[in-house]
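K.L.:
sequence and predicted structure, then a few things I'm wondering about:
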Amino acid sequence: MASPTGTTDAPFGRMLTAMVTPFTGDGQIDYDAARRLATHLVDVQRNDGLVVNGTTGESPTTSDDEKERLLAVVLEAVGDRATVVAGAGTNDTRHSVELARRAAGAGAHGLLVVTPYYNKPPQEGLYRHFSAVADATGLPVMLYDIPGRSGVPIKTETLIRLAQHERIVAVKDAKGDLFAGSQVMAATGLVFYSGDDLLNLAWLSVGAAGFVSVVGHVVGADLARMISLYRNGDVEQARAVHEQVAPVVDGIMLKAGGAIMAKAALSLVGVPAGPVRLPLVDATEKEIAELRACLVAGGVKLTDS
């Protein structure tokens, strides 16, 4: 299925949020809340793409059936006006292939495939893993390079090899090596997306197409504006937006962790997404108070302000 917002230089759109998965109080997925959240992210927060069933969506603790139904709900809600990318990465190649096929069957526009975590495969294993998932469907693939969680980076030479696959078209980078990313972009047609909100503006400066954000849950419209300003040559105003949202990045990404604090932030702006599932735990009162201060400092309008 063709992406509604993709272009050659930004195949998944430009401003994407890695969407949290809303849960009810008893730990079930709240599909109605997911529909409302997806609509809010696209129509209010100006996301032209969403990642569903990524790690921010607590994918390690959702079942394959839950993933498939959640993806279908989000596609029904916003799939006509936003690129919907399905997380399909695990540390089991066969399972990742199955998730990719189910996502394609549900109508996803693309796949996000994270580096296999914990088992620390060698680079040849990474190459074969990603190739197998890309071979499994006709969907475009965004690799997710996050060695801080996976334990293994996708090395430059491996990315260059993977770029030869016609369906591996992009990289979500949370490795933070801008020079290595520049080398890959210069040597291949791979499109880079910032996967680390701390480095969003920096990634734009070396040629990234856009962001796959967590703070986009509450400042997506600001980040979309930053991208537009930078691409139109107004670097100073883009930097001003970067400075404006910095407290929000601090509050969500540098405190208790992305999914936990993103859900807390959504509650504070009146778009509740419920609790997290174990082994994650909800933000404490102290953490919420600190987050509130960060959101206010970043100009985010809270429901009680």
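P.N.:
Arrived safely. Residues are numbered from 1 along each chain as shown.
K.L.:
can I get stretch 110-117 in PDB, CA atoms only?
P.N.:
The C-alpha coordinates for stretch 110-117 follow below in PDB (Å, rounded to 0.1, in the frame of the first residue of the first chain):
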ATOM      1  CA  GLY A 110       5.900   0.500   6.100                       C
ATOM      2  CA  LEU A 111       7.900  -1.400   8.700                       C
ATOM      3  CA  LEU A 112      10.200  -0.300  11.500                       C
ATOM      4  CA  VAL A 113      12.700  -3.100  12.300                       C
ATOM      5  CA  VAL A 114      14.900  -2.700  15.400                       C
ATOM      6  CA  THR A 115      18.300  -4.300  15.900                       C
ATOM      7  CA  PRO A 116      17.800  -7.700  17.600                       C
ATOM      8  CA  TYR A 117      18.300  -7.100  21.300                       C
END
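K.L.:
state the mean pLDDT of that stretch.
P.N.:
For stretch 110-117, mean pLDDT rounds to 98.
K.L.:
quick one: Lys193 and Glu98, what's the gap?
P.N.:
Wrong residue type there; residue 193 is Tyr, not Lys. According to CB to CB, to the nearest Å, Tyr193 stands 25 Å off from Glu98. Yep, even glycine has a C-beta here, placed from its N, CA and C like the rest.
K.L.:
these two: which is more packed in?
P.N.:
When Tyr193 and Glu98 are compared for neighbours, Tyr193 comes out ahead with 29 against 16, by other CB atoms under 10 Å.
K.L.:
output stretch 79-99 as CSV, nothing but the C-alphas.
P.N.:
Listed next in CSV are the C-alpha coordinates belonging to stretch 79-99 (Å, rounded to 0.1, in the frame of the first residue of the first chain):
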residue,chain,number,x,y,z
GLY,A,79,-4.3,5.9,7.4
ASP,A,80,-5.8,8.0,4.6
ARG,A,81,-3.7,11.1,5.7
ALA,A,82,-0.7,9.8,7.6
THR,A,83,1.9,7.2,6.9
VAL,A,84,1.4,4.3,9.4
VAL,A,85,4.6,2.4,10.1
ALA,A,86,4.3,-0.9,12.0
GLY,A,87,7.0,-2.1,14.4
ALA,A,88,8.0,-5.6,13.4
GLY,A,89,11.4,-6.0,15.1
THR,A,90,12.2,-8.7,17.7
ASN,A,91,15.3,-10.7,18.5
ASP,A,92,13.9,-13.7,16.7
THR,A,93,14.2,-13.5,12.9
ARG,A,94,11.3,-15.9,12.3
HIS,A,95,9.0,-14.0,14.7
SER,A,96,10.0,-10.7,13.0
VAL,A,97,9.2,-12.1,9.6
GLU,A,98,5.8,-13.2,10.9
LEU,A,99,5.0,-9.8,12.4
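K.L.:
show me what counts as buried in it.
P.N.:
Residues 79, 82-91, 93, 96-99 are the ones in stretch 79-99 that count as buried (16 or more other CB atoms under 10 Å).
K.L.:
what helix or strand is His129 located in?
P.N.:
helix 123-136 (DSSP states H and E).
K.L.:
contacts for the helix or strand just after that helix?
P.N.:
Once helix 123-136 ends, the next helix or strand along the chain (criterion: DSSP H and E) is strand 141-145. With contacts defined as CB atoms under 8 Å, 6 or more residues apart in numbering, strand 141-145 is touched by 12, 54, 85, 89, 110-115, 130, 133-134, 153-154, 159, 162, 165, 167-175, 193, 195, 212.
K.L.:
Thr55 contacts Ala88, correct?
P.N.:
No - contact criterion CB atoms under 8 Å: Thr55 and Ala88 do not qualify, at 11.9 Å.
K.L.:
if we can go back for a sec, please flag which of the contacts of strand 141-145 sit within strands.
P.N.:
Cross-referencing the contacts of strand 141-145 against strands under DSSP state E gives 85, 110-114, 168-173, 193, 212.
K.L.:
distance to Ala289 added to those, as TSV?
P.N.:
Below are the ones in strands among the contacts of strand 141-145 laid out as TSV (distance: CB to CB, whole Å):
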residue	distance to Ala289
Val85	34
Gly110	38
Leu111	38
Leu112	33
Val113	37
Val114	32
Ile168	43
Val169	42
Ala170	38
Val171	37
Lys172	32
Asp173	32
Tyr193	32
Val212	29
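K.L.:
and of those, the nearest to Asp234?
P.N.:
Asp234 has its nearest neighbour among these in Tyr193, at 21.0 Å by CB to CB.
K.L.:
state the distance from the closest one to Pro22.
P.N.:
Taken as CB to CB, the span from Tyr193 to Pro22 is 24 Å.
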